[in-house]
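Chemist: Fold the following for me, if possible:
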Amino acid sequence: QGPVCTNLGLKPGQRLTVKGKIAPNAKSFVMNLGKDATFLGLHFNPRFDAHGDVNTIVCNSKKVEEWGAEHRETVFPFQKGGTAEITFAVNQNDVTVHVPGHQFTFPNRLNLSVFDYFDTQGDFTLQSLSWE
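Modeler: Here you go, the predicted model:
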């Protein structure tokens, strides 16, 4: 478990940029964005080799203990031992995720008007966090 941010206050039109280092023997890492640890609007989970997925980004949402349907992206721009810069742009109805050389959107299934919570877990060391 890496740092946990609360009271972020990210609203539509704002973006959060995360920079960090991926472990040399990485299996997967996670970034969660939501209201709090139990209401996650976006669970972002690049998997090098975890849960039966290889080089796949899996995204989901979570409401208390209930996960939604998994969304998979096959573009995988991450490398073990490398650095990563990921930007989450909050829109009215979804979040646009910018990864190196690719972007995709994930719906705001929980209809969150503000994203207050962010955390990282797994084989990723957070180096900087900025929002605008």
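
Chemist: for residue 125, helix, strand, or coil?
Modeler: Applying DSSP: H, G, I helix; E, B strand; the rest coil to residue 125 yields a three-state assignment of strand.

Chemist: Return the residues in contact with it.
Modeler: When contacts are counted by C-beta atoms under 8 Å, 6 or more residues apart in numbering, residue 125 touches 2, 20, 21, 23. To be clear about C-beta, it is placed using only N, CA and C from the backbone, and glycine gets the same treatment.

Chemist: among those residues, who's most crowded?
Modeler: Taking other C-beta atoms under 10 Å as the neighbour criterion, residue 20 ranks highest of the contacts of residue 125 with 18 neighbours.

Chemist: number of nearby residues for residue 13?
Modeler: Using other C-beta under 10 Å, residue 13 has 10 neighbouring residues.

Chemist: which one among the contacts of residue 125 gets closest to residue 75?
Modeler: Of all the contacts of residue 125, the one sitting nearest residue 75 is residue 20; the distance, using C-beta to C-beta, is 19.1 Å.
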